[in-house]
Each structure stands twice: as C-alpha cells, then as structure tokens.
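S.K.: could you look at this predicted model? Sequence included:
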Amino acid sequence: MNDDLRRRLREAAAAYRPDRERMLARVERGTAASGTPVPRRTGRASPWLRVAGATAAVAAVLAAGGYGASAVLGGQEQPVGAAPPAHSTAPDERRTEDGPLWSDGSVDPHSNDFWAQSNVTLKTAEPLTALTVELRIAHTGGVASTGAWRTLPEGDFTFRTDTGDGFLVYRWRLRPGRTVPAGTHVFAGQYDHARGGRDAGADSYSVTARSDDQQARIRGDFAPQNGR
C-alpha cells in the first residue's frame, strides 16, 4: 500500500471524530477524489448522514487504490474481487454412529470408591469382517489396570494394554478371518483408581470396523447419551 493511499485512508477515517466541522471537511476531501457529490453543510448533519459520508469516503479511497475494506481492516492487502481466505472448521470428534454401527460409553454402576469398570457398548446391524476397539482411561490418580473382558469369544481377538501420554489404553483387534455377528457387544476395561469418586470426563473410546466393503469409524466419551 503506497504512502498516498495511506494518507487518504487516514483522512477518510478521521471523519468519524465527533468534531463535526473537521469531520465534514475531511469527508469532502476524501469524496472529491472519487467525484462523489457532497451535501452542502447547511444546518446540523444527522448522525446517519455523518456515518454514511465517512463510509463512502473510505470506500471511495479504497476503490481508487484497488483494495477491499476487509483486507485493510485485517492488516492485509487484497485486490478487490479476490476470493476471501478459506477458514478451516474443526470437526466434532464425538461421532457415535456411522454406517451399520452405534456405540455408547458408560461407567459400570458396580464401580466404587477404589475401583471402576468402563463399558463400550457396540451395536452393529451387519456382520463385521474387521474391528478394532480402543478404550482410553485418563490417569487421574492411582489408575492401574485390573483386567478386561468382552462378550465376544476371546479367541477371536488380540488384546493389549499400554500406558502413555497420560492414558491407560485397552485395545481389542479382530483376528484375520474372524467375523463379528450383527447384534450388541460389550468391551470392558477394569482398573483401580485413587480413593473417592473418579471423574471420567477425560476418558474416551474409538472404534474402526469394516462391513463388506464399507468402512466405519466412531468415537465417543463417557457422558450420558440416549441409548437405543
């Protein structure tokens, strides 16, 4: 942006000051460059006229310099007519339904002040030829695994636990050549924790599955949800 354009912008912007005489004088100078007629100063100008005049002056100066108002206000030079910059939107990570799958995460009601069990309930409307279930329990204090189970046959899955990045992780993976039938299935992780009620707000689970040629991915937490 050259010095002359900067000067003219400053002059036009100055019209927003409450000094009516000074404001109108600067509006006249700004609009004169674009050939826009300026109302005669007869009587007190209404507030809307003062704002409109200043806006017209700024717009005229910007148009003469080939810049868009949003570009100047944002501190970037952008030619008039150029497409606005794209803004990325963070997707919602919680997605408890996808394709034939539905899921729910819940803390088992038999949990107590020293021990808990987190359940991942998975419903599938179609047989699955691939399935991985991951349960992540945040290390909120004293968290240590005491076991895990699932309602599907143990021999159909590989299972492991890991600790890292502040989480205790349970992971079940369907073995090649095995199939998960349509229906409702539960995967549960058990663990000790520090004495007292434990907050499961940072816990989460994720599921990836394949049904025929369809891939499904879901992710949830342990907040109350409407079951079905």
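M.R.: Ah, there it is.

S.K.: low pLDDT regions in the chain?
M.R.: Under the criterion pLDDT under 70, the flagged ranges of the chain are 1-3, 5-6, 9-10, 12-89, 91-92, 224-228.

S.K.: and whichever strand or helix holds R173, what does it pack onto?
M.R.: R173 belongs to strand 167-174 when assigned by DSSP states H and E. When contacts are defined as 3 or more C-beta pairs under 8 Å, 6 or more residues apart in numbering; DSSP states H and E, strand 167-174 packs onto strand 130-138, strand 144-150, strand 157-164, strand 183-192. C-beta: built from backbone N, CA, C; applies to glycine.

S.K.: what does the first one rub up against?
M.R.: Residues from elsewhere that reach strand 130-138 (C-beta atoms under 8 Å, 6 or more residues apart in numbering): 118, 120, 122, 143, 150, 166-174, 180, 187, 189, 191, 200, 202-210.

S.K.: circling back to that earlier point, angle of the strand holding R173 against strand 183-192?
M.R.: 150 degrees (axes from the mean of the first three to the mean of the last three C-alpha atoms, to 10 degrees).

S.K.: can you say which of the helices and strands packed on strand 167-174 is nearest to H110?
M.R.: strand 183-192 (10.2 Å; C-beta to C-beta).

S.K.: report the angle between the axes of that closest one and strand 157-164?
M.R.: Strand 183-192 and strand 157-164 are oriented at 40 degrees to each other (the same axes, to 10 degrees).

S.K.: now do the strands in the protein.
M.R.: With strands called from DSSP state E, the chain shows them at 97-98, 101-107, 115-124, 130-138, 144-150, 157-164, 167-174, 183-192, 204-211, 214-221.

S.K.: got those strands as JSON lines, with mean neighbour count and distance to R7 columns?
M.R.: Formatted as JSON lines, the strands of the chain follow (neighbours: other C-beta atoms under 10 Å; distance: least, C-beta to C-beta, whole Å):
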{"stretch": "strand 97-98", "mean neighbour count": "15", "distance to R7": "58"}
{"stretch": "strand 101-107", "mean neighbour count": "19", "distance to R7": "62"}
{"stretch": "strand 115-124", "mean neighbour count": "20", "distance to R7": "65"}
{"stretch": "strand 130-138", "mean neighbour count": "21", "distance to R7": "58"}
{"stretch": "strand 144-150", "mean neighbour count": "14", "distance to R7": "70"}
{"stretch": "strand 157-164", "mean neighbour count": "13", "distance to R7": "59"}
{"stretch": "strand 167-174", "mean neighbour count": "20", "distance to R7": "59"}
{"stretch": "strand 183-192", "mean neighbour count": "18", "distance to R7": "68"}
{"stretch": "strand 204-211", "mean neighbour count": "21", "distance to R7": "56"}
{"stretch": "strand 214-221", "mean neighbour count": "17", "distance to R7": "55"}
